[in-house]
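Asks: Have a look at this prediction, sequence included:
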Amino acid sequence: MGQPSASPAIAALRERIARLEGGPARNRATLPFGVASIDKVLPGGGLALGALHEVAGGRNGAIDGAAAALFAAGIAARAKGKVLWCVTRQDLFAPALAQAGLLPGRVVYVEAGDEASVLACFEEGLRHGGLGAVVAELARLSMTASRRLQLAAEASGAIGIAIRRWRRQTEATDFGQPTAAVTRWRVTALPSRPLPVPGIGRARWQLELIRVRAGESADFGVEACDDKGRLALFSDLADRSPATHNGPVRAIG
């Protein structure tokens with residue numbers, strides 16, 4: 001006697017569980033970095049759209065925290081549409097985000113009073129459906145909250161970026177706890193590129209992919225985002241061309 005076929009509701013639930021557990025998702029679009037060595041370690045050849053991603057500074061200080069914010073800004077700059085950026089304190093420097101490709105006219109800033117309010121704005125922004133990216137600065141992110149954010153991103157197709165920022169060193173340990181984020185990145189500032197004349201060269205970062213669903217961790221030495229939000233490896237900068245580093249959104253069929 002054959003088994004009865006699953007109802008559409010059960011089939012949809014199974015597919016959602018598979019996505020949360022890292023299983024294959026149908027027709028999930030990706031946003032390539034345009035750097036082959038980075039894109040090849042990401043399933044689908046880029047950052048998954050309609051998904052949650054985590055970013056943090058490497059040494060928990062202000063300099064690395066700023067590098068993490070600029071990395072997130074570069075991703076948001078390459079996404080299509082408006083960007084919602086949620087914060088709890090007024091210390092975001094918009095001109096620096098513009099240097100990473102995220103122009104002021106594309107960004108809607110929300111200052112919330114506390115982290116609970118930031119989380120609520122984050123989720124509501126992801127559910128909105130009219131935004132290209134939603135960025136939120138958070139110290140803590142529980143598995144339950146991250147699952148809600150991941151489901152909201154899946155429903156709208158927007159990319160969600162949680163920048164993990166801590167006011168106290170004791171809060172940094174929360175970054176190691178499991179979440180439903182599809183990728184987890186850590187950014188550490190390095191000495192800038194030397195110039196042949198006196199001055200400050202382009203910033204450099206140690207970029208670590210700590211976790212990625214259905215993939216392996218990796219780390220890269222990169223030049224910081226340019227005014228189009230694009231990265232470059234140290235060795236790639238000399239022969240980099242705009243056509244090869246401003247890749248379009250891809251869809252995984």
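Replies: Great, that's in hand.

Asks: Wait, residue 119 touches residue 137, no?
Replies: No. Applying CB atoms under 8 Å, one finds residue 119 not in contact with residue 137, separated by 10.9 Å. For the C-beta atoms, the positions are set from N, CA and C on the backbone; glycine is no exception.

Asks: and these two? which has more neighbours close in?
Replies: Between residue 119 and residue 137, counting by other CB atoms under 10 Å, residue 137 is the more crowded of the two (25 against 22).

Asks: so who does the more buried one touch?
Replies: For residue 137, the residues meeting the contact criterion (CB atoms under 8 Å, 6 or more residues apart in numbering) are 69, 86-88, 118, 163-165.

Asks: Repeat the analysis, applying 6 Å as the threshold.
Replies: 87, 163, 165 (CB atoms under 6 Å, 6 or more residues apart in numbering).

Asks: The second one: how many residues sit nearby?
Replies: So that's residue 163. Neighbours of residue 163 under the rule other CB under 10 Å: 24.

Asks: quick one: it is in a strand?
Replies: Yes. Under the criterion used here (DSSP: H, G, I helix; E, B strand; the rest coil), residue 163 sits inside a strand.

Asks: Skip the chain neighbours and tell me the closest residue to it.
Replies: Leaving out its chain neighbours, the residue that sits closest to residue 163 by CB to CB, 6 or more residues apart in numbering is residue 137, at 4.8 Å.

Asks: same deal with the last one?
Replies: With sequence-adjacent residues excluded and distances taken as CB to CB, 6+ apart, residue 165 is closest to residue 137, at 4.9 Å.

Asks: any idea which element the one you found lies in?
Replies: Here residue 137 is covered by strand 131-138, with elements defined by DSSP states H and E.

Asks: Appreciated, that's everything.
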